[in-house]
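*Asks:* kindly generate the corresponding structure for this input.
(2 chains)
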Amino acid sequence: MTKALLALEDGTLFTGRSLGATGEAAGEVVFNTSLTGYQEILTDPSYAGQIVVMTYPHIGNYGVNSEDGESSRPYAQGLIVREASAIASNWRSEETLQSYMERHSLVGLSGIDTRALVRRLRDQGAMRGIIGAGDTAPEQLIEKARSIPTMAGLDLAKTVTCRERYGWRRTAGTPPARYRIVAYDFGIKQNIMRQLCRMGCDIWVVPAQTPADEVLAINPDGVVLSNGPGDPEPVTYAIENVKRLLGRKPLLGICLGHQILGLALGGRTYKLKFGHHGGNHPVQNLRTGKVEITAQNHGFAVDPNSLNLNQVEITHMNLNDQTVEGLRHRALPAFSVQYHPEAAPGPHDSNYLFQEFMASLP
Amino acid sequence: MPKRTDLRRILIIGSGPIVIGQACEFDYSGTQACKALRAEGYEVVLVNSNPATIMTDPDLADRTYIEPLTVAAVGLIIARERPDALLPTVGGQTGLNLAVELAEAGLLDKYGVELIGAKLPAVKIAEDRRLFKRAMQDIGLEVPRSDFAGTLSEAEDVLELVGLPAVIRPSFTLGGSGGGIAYNAEEFREIVRHGLALSPIHEVLIEESVIGWKEFELEVMRDLSDNVVVICSIENFDPMGVHTGDSITVAPAQTLTDREYQALRDAAIQIIRKVGVETGGSNIQFAVNAENGRIVVIEMNPRVSRSSALASKATGYPIAKIAAKLAVGYTLAEIPNDITRKTPASFEPTLDYVVVKIPKWAFEKFPGANSTLGTQMKSVGEVMAIGRTFKEAFQKALRSLETGKTLAAQKIDPEKLRENLVSPSPDRLGYIRYALADGMAIDELYELTRIDRWFLQQFKEIVDMGNLVRRYSLATAPHEVIRQAKQYGFSDLRLMQLFNENGTAAAVTEDDVRQARQAAGIRPIFKRIDTCSSEFESYTPYFYSTYESECEAAPTDRKKIIILGSGPNRIGQGIEFDYCCCHAAFALKEAGYETIMVNCNPETISTDYDTSDRLYFEPLTVEDVLAIVAVEKPDGVIVQFGGQTPLNLALRLQKAGVPIIGTSPQSIDLAEDRKRFGKLLARLGIPQPKHGTARSVGEARKVARQIGYPVLIRPSYVLGGRAMVIAYDDSALEAYVNSAVEAAPNHPILIDKFLEDAFEYDVDALCDGRQVVIGAIMEHIEEAGIHSGDSSCVLPPIQVEEKYLDVMRKYTRQLGLALKVRGLMNVQYAMKDGVVYVLEVNPRASRTVPFVSKATGVPLAKIAACLMVGQTLRDFPVHQELAVRSCCVKTPVFPFIKFPGVDTLLGPEMRSTGEVMGIADDFGSAFAKAQISAGTFLPERGTVFISVNDYDKKNAIAIARDLADMGFSLVATKGTCQALLASGIAAETIYKVNEGRPHVVDWLKSNKLHLVINTPLGRRSFYDEGAIRRAATQYAVPCITTLSAARAAVTGMAALRKHQLTVCSLQEYHERLVRNGDLSGLASNKGMGIAKQNRER
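*Replies:* Model (predicted):
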């Protein structure tokens, strides 16, 4: 078993065993508290530039299959687990996590005290880090970790978005299309498409930098602003496009898409200490008072004090830390949530938002 | 929504005695509910028949009724107390069923009592399989194909539909009593017949078998605003076919993808909404086909359950407490999470560790019982362990079980191996381990066991690690190997065995392994249970050990005491000891100490993070306790309250430098060492029955003849009367000694003179080393020969002369001082022909402590804890002997109904699982209440069957005469009948089983007998008598096997006929003691708050 190391920018070192591909992986180290769904997490483009620590110690138990990916390949830079399963046990499994990671050259680390690491990230905030397999000199790794660009100010959407627009292939058994939707791909998760498809939508996925006019030329019934990695502020092109689409087409923003809508509405965003990554965050719908358990994955948030509340309504709030979880334009058909109504992984409590979006379509 | 202000007084129903399927988890849930509701300002009226519970402590409710859990008794309580609402969901199936009965009897409507938590229709849907099935179909969920049958021929029609194997479940029985899986037509008919007889409505459900499917449970919470959260998922290691109470279970689920898990979560939310459970926790069980993922719903419990207790401990989310708050109107978002303080209860806990529960069985107590596990629960307790990996948690759980089993090395025949892998039993784990060590492939093992490959892989990794360790001796083992083995959960003891199996070096001891390990810097650290995988800071010191880098224990520098708990419930060591441990924690906390609890039983109140200042959920072994002591550095460790489990550790802990407080381990040892103890008694001039020790058949015969038959024989290390028998002659003696010597060649056999027809007494007392206060002298109702835990007893004694009580008082004082007891002690006496003998002394808390505390209003265990930290009896307002101003009867409850075919005759081996208490002003009423609470409904009219041995005939006549005078018809076997007729008592002869038909069992089966009095006739008619007693158990006819119990029953029946039973609260009884000046210095309602008062003085 090959030895591997994690070096953090603050000089902390964790020594464990290499998992998946050998080599180095650098990125912002974040933790995810989901008990299930590692395949969805690894393939979620929002994790671009990040090394994910799973807080649940046993990862890989049910293997990897060809149905549950959120994109065609892993986007996370690296994976850190307490213990990776040697076998995959599930009727849908097609390969072990180990072989999947090797096949995709995904670097991982196992056998470390992940809880100690998570507590460090919780107390110090998300940190840059690097996984090195083999006999890498620790000092060198720490130096390298310090040279990784910080997440703040980083436009990662443009690195993960599709090169050209494409139509989402409808699967058998979905209802006939009633609507045409354009989805901006800032790092879109496939389950957003699957959900919309199930509700009778034809979906055109377009690159992040697609100008508003091109979107309008498709003549969609509504536009989805997808999730994605990185800091929303430098994604100025998207903010501008959204400003132009606002009021002309119903908009639904998810995660990064929510932050971009917030910025387009004149708000500001800020970086959270260690972000929200998991499937158990309670969010209150301030209109109904009901609480939904949500899937979350974000490191930035919309500052409520930056919003013009005459124009924008805060619709959802995180009950753990009172951060903004949802917005709605008071007059125009545009709303967004910071969390993931498409789940995958995570609870399905917020699925109703897709229905609300459908209802907002002409 | 804020809490409701239209409710003032709320009734909570407990779950009654500890039985298989319903243990102290409902004391835990009920106590949490009481505390939560009172904290919200509601008045709580509590009823439970089980005195060994914390919930029946008089300071936990405004009114506490230790009364039978029947419509009649609770109806009287409702009429007296006029509660506004009834919370039916925290008292197990018993509490829920009783609430339904009260509603159906119209009592709730009559007195305007509202059901909160779950309304009647919701309970009906969840409980009635027919309605439940329809409800599931309405929301598009599948259930196994099934139908009901009320007769055997209907059952055979249903079988056509579902096919074999088929699952049979009798309607409305506890813990699936009387159910089973039929693989052939004959078996099918047998189980259906049994099930129909057991079902109170004579109905069974026959169901498509989903045996071998994966089994999952979800714990769901809902509030009045229809918010739903899933607290915990649990995966059963044993696939479908084994009752979940008998399954090893693991939290969280291990082998489901997110899609599959979310499908279960969606279904669970739909189900709780459809069934309409308004608020609180529910447990929903699913089966998932491992081949294709098909999901079927198995059942839903619309109440907190054994699994929700487990889920609470596994996650740190207090389900029952939150459920109580939801029931009075709060929403989840309004309730804070105690552990993080800053986040609300409306979230789903996430774990960064693995939790494993393993059941504990007691088949050794029930020879002849079928130990195959099926749909009827048979385990008597469980352990839980927490580790960072499944392997670690599993191995910690195994050592928590205290089975003391060493692994057998002998070869197992392949045919036998396969059989034992296919058929689930308590021993299956051993066979799996053997198969893996023998090189069986995981796929083959999976085909045989249907245990998920992932679990089998974990086992394989454990076995492989064991093989790796075995390659070394302690001296040659690389530190990295030892560290990894420790991370895999190997105990030092197991490592010692492996090193010694290697055989290349001199044998090492467990201590050697520990020292070498510690010298290499390999020590456990402690991590916190925090509900959130450390996403938020936690404020609750709830720990488990593991071998990693960062320790989160953060011990304080306060004065602190560690209390060692009692481990898994088992027969002979149950809730009573947990009660004492909790009381020690309460008292020492009040006295200003930091209290630290160590225990591994998820059902208990001691493992509630609210009970002590700090909780270590750890196995009770020397290794695990020493690790905690090393971190905490306590001022004292208490071993006296947790029964035999911590006592067994005492000497070794003391040797390792642990400050054991209370009675010294040397004194405890002295009391257990027969030779030294015999000398002490001789010195004090206290008689004890003649006795001797033997190591061979020859020696045993010599000893027995010397002291004279009958003799009581047992192995030298005894728990709960384990393996004790009474021998009347050489042949019985020899048979026993032969098998005992074979089983444990190194342990001597103890032989005592058996005092036939003696009366037995239990004395609980407090001693501070200088003074002794008698807590109570209890008189056993059954004569000597029946284990004290299995005998009913009465406080105060009713038939002994005062002068003999004085003798017992004197002896108790002498013994307490001689043994330098600091804390509690229990002495068992026998009295025969005017001589009081000491049978045994236990310088520790006994099973009867909670019973005595309820009767006297004085919290013995709390005072004892204070004595251990240096206070004296003079600091407390207790003198000489505690008073009782009522008649209190304690009656045991037996699990025979779960073990068909097992003889119900009582003996020196303890077999009861729990106890109830009856309180009244006269013995008859108290006894009758206790019997009713124990489920024995003494008849007020009808036919009594009497069959007694010659020896008992004389005494039986008086009893028969009383029965006849009360208007009972008497039937008797020939000999007994002649004796009755000769004394002028009308009786009819009835056939014994082998004499012709219809015989007595036929009469029982046709419900023509209402009471059986049958004293054993000796070996010859054993089969016949066994058949009578078994039939009586099966047809729920009270069956009395001793004349003294028959006498008590007759007194009870007379009381039942004379007047209606009344109910009275514990607070009122204690008020009586206050009025009499018995408790001067103790405020009655806060009677249990003694330590605090003392401090204030």
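
*Asks:* in stretch B:957-972, what's buried?
*Replies:* Of the residues in stretch B:957-972, B:957, B:959-964, B:966, B:968-972 count as buried by neighbour count, 16 or more other Cβ atoms under 10 Å in any protein chain shown. Every C-beta, even on glycine, is put in place using the N, C-alpha and C of the backbone.

*Asks:* pick out the residue of the stretch 751-900 of chain B closest to chain A.
*Replies:* B:Lys898 (33.7 Å; Cβ to the nearest Cβ).

*Asks:* just the pLDDT at the residue of the stretch 201-350 of chain A found nearest chain B, thanks.
*Replies:* The nearest approach of the stretch 201-350 of chain A to chain B comes at A:Pro345, 3.6 Å away (Cβ to the nearest Cβ). You'll see A:Pro345 listed with a pLDDT of 97.

*Asks:* likewise for B:Leu905?
*Replies:* So B:Leu905 comes in at 81 (pLDDT).

*Asks:* which of the helices or strands spans it?
*Replies:* When elements are assigned from DSSP states H and E, B:Leu905 belongs to no helix and no strand.

*Asks:* quick one: secondary structure of the residue nearest the centre of chain A?
*Replies:* Compute the mean C-alpha point of chain A, and by Cα atoms, centre = their mean the closest residue is A:Ser46, 3.4 Å away. Here A:Ser46 is recorded as helix under DSSP: H, G, I helix; E, B strand; the rest coil.

*Asks:* residue contacts, it?
*Replies:* A:75, A:187, A:189, A:227-229, A:255-256, A:297-298 (Cβ atoms under 8 Å, 6 or more residues apart in numbering or on different chains).

*Asks:* of these, select the buried ones using a PyMOL command.
*Replies:* Only the buried entries of the contacts of A:Ser46 go into this PyMOL selection, using 16+ other Cβ under 10 Å:
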select buried, chain A and resi 75+187+189+227+228+229+255+256+297+298
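
*Asks:* wait, which of the contacts of A:Ser46 is closest to B:Phe617?
*Replies:* B:Phe617 lies nearest to A:Asn297 out of the contacts of A:Ser46, by Cβ to Cβ, at 31.8 Å.

*Asks:* specify the beta-bridge partners of the closest one.
*Replies:* Beta-bridge pairing of A:Asn297 under DSSP bridges involves A:His277.

*Asks:* touching, it and A:Gly279? I think so.
*Replies:* No. Under the criterion of Cβ atoms under 8 Å, A:Asn297 makes no contact with A:Gly279, lying 9.4 Å away.

*Asks:* before we move on, back to that, burial of the closest residue to the residue of the stretch 201-350 of chain A closest to chain B other than its chain neighbours, as a residue count?
*Replies:* Sequence neighbours aside, A:Gly37 is the residue nearest to A:Pro345 in space, at 2.2 Å (criterion: Cβ to Cβ, 6 or more residues apart in numbering or on different chains). When neighbours are counted by other Cβ atoms under 10 Å in any protein chain shown, A:Gly37 registers 26.

*Asks:* I'd assumed B:Asp258 was in contact with A:Gly37.
*Replies:* Yes. Look at A:Gly37 against B:Asp258 with Cβ under 8 Å: they come within range, at 3.5 Å.

*Asks:* list residues touching both of the two?
*Replies:* In contact with both A:Gly37 and B:Asp258: A:344-346, using Cβ under 8 Å, 6+ apart.

*Asks:* and stretch B:853-870, average pLDDT?
*Replies:* Per-residue pLDDT over stretch B:853-870 has a mean of 97.

*Asks:* can you give me the first-to-last residue distance of that stretch?
*Replies:* 22 Å (Cα to Cα, to the nearest Å).

*Asks:* which residues belonging to that stretch are considered buried?
*Replies:* So, applying 16+ other Cβ under 10 Å, buried residues of stretch B:853-870: B:853-869.

*Asks:* so of those residues, which ones are in helices?
*Replies:* Judged by DSSP state H, helices contain the following of those: B:853-856, B:860-868.

*Asks:* need the max-distance pair from those.
*Replies:* Within these, B:Ala855 and B:Met868 form the most distant pair, 23.1 Å apart (Cβ to Cβ).

*Asks:* quick one: the strands in the stretch 151-300 of chain A, in order.
*Replies:* A:166-167, A:179-185, A:201-207, A:222-225, A:251-254, A:269-285, A:291-302 (DSSP state E, counting those that start in this stretch).

*Asks:* okay, now the sheet partners of the shortest one, with direction.
*Replies:* Looking at strand A:166-167 with DSSP bridges, its paired strands and their directions are strand A:201-207 (antiparallel).

*Asks:* now do the strand it pairs with, average pLDDT.
*Replies:* For strand A:201-207, mean pLDDT rounds to 97.

*Asks:* got a list of contacts for that strand?
*Replies:* A:161-168, A:170, A:177-185, A:188, A:193, A:196-197, A:214-215, A:218, A:220, A:358.

*Asks:* quick check, B:Val277 in contact with B:Leu115.
*Replies:* No. Using Cβ under 8 Å, B:Val277 makes no contact with B:Leu115, being 11.4 Å away.

*Asks:* neighbour count: those two, which is higher?
*Replies:* Per other Cβ under 10 Å, whichever of B:Val277 and B:Leu115 has more neighbours is B:Val277, with 27 against 21.

*Asks:* who touches that one in this structure?
*Replies:* Per Cβ under 8 Å, 6+ apart, neighbours of B:Val277: B:117-118, B:122, B:126, B:222, B:302.

*Asks:* how close does B:Glu291 get to A:Asp68?
*Replies:* 19 Å (Cβ to Cβ, to the nearest Å).

*Asks:* which one of those two is surrounded by more residues?
*Replies:* Ranked by neighbour count (other Cβ under 10 Å), B:Glu291 and A:Asp68 place A:Asp68 first, with 21 against 9.

*Asks:* which SS class is the more buried one?
*Replies:* coil.

*Asks:* now the one 5 residues further on
*Replies:* Reducing the assignment to helix, strand or coil with three-state DSSP, the entry for A:Arg73 is coil.

*Asks:* identify the residues contacting the residue nearest to it when sequence neighbours are not counted.
*Replies:* Among residues not flanking A:Arg73 along the chain, A:His104 sits closest, at 5.7 Å (Cβ to Cβ, 6+ apart). A:His104 is in contact with A:21, A:73-74, counting by Cβ under 8 Å, 6+ apart.

*Asks:* buried subset of those residues?
*Replies:* When the contacts of A:His104 are checked for burial by 16+ other Cβ under 10 Å, the buried set is A:21, A:74.

*Asks:* closest one of the contacts of A:His104 to chain B?
*Replies:* The closest of the contacts of A:His104, once distances to chain B are taken by Cβ to the nearest Cβ, is A:Pro74, at 15.8 Å.

*Asks:* tell me the SS of A:Ala25?
*Replies:* Applying three-state DSSP: A:Ala25 is strand.

*Asks:* is it in a bridge, and if so with what?
*Replies:* Going by DSSP bridges, A:Ala25 forms beta bridges with A:Ile131.

*Asks:* what does the stretch 101-250 of chain A put close to chain B?
*Replies:* A:113-116, A:118-119, A:122 (Cβ under 8 Å from any Cβ of the partner chain).

*Asks:* tell me how many other residues crowd B:Leu1056.
*Replies:* Neighbour count for B:Leu1056, taken as other Cβ under 10 Å: 22.

*Asks:* re earlier: so of the contacts of B:Val277, which ones are in helices?
*Replies:* B:122, B:126.

*Asks:* what's the helix or strand for B:Arg189?
*Replies:* Here B:Arg189 is assigned to helix B:185-198, by DSSP H and E.

*Asks:* one step back: and the residues of the stretch 101-250 of chain A next to chain B, which are buried?
*Replies:* Buried members of those, scored by 16+ other Cβ under 10 Å, are A:113-116, A:118-119, A:122.

*Asks:* could you dump the residues you listed to JSON lines with pLDDT?
*Replies:* Listed next are those as JSON lines, based on pLDDT from 0 to 100:
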{"residue": "A:Asp113", "pLDDT": "98"}
{"residue": "A:Thr114", "pLDDT": "98"}
{"residue": "A:Arg115", "pLDDT": "98"}
{"residue": "A:Ala116", "pLDDT": "98"}
{"residue": "A:Val118", "pLDDT": "98"}
{"residue": "A:Arg119", "pLDDT": "97"}
{"residue": "A:Arg122", "pLDDT": "96"}
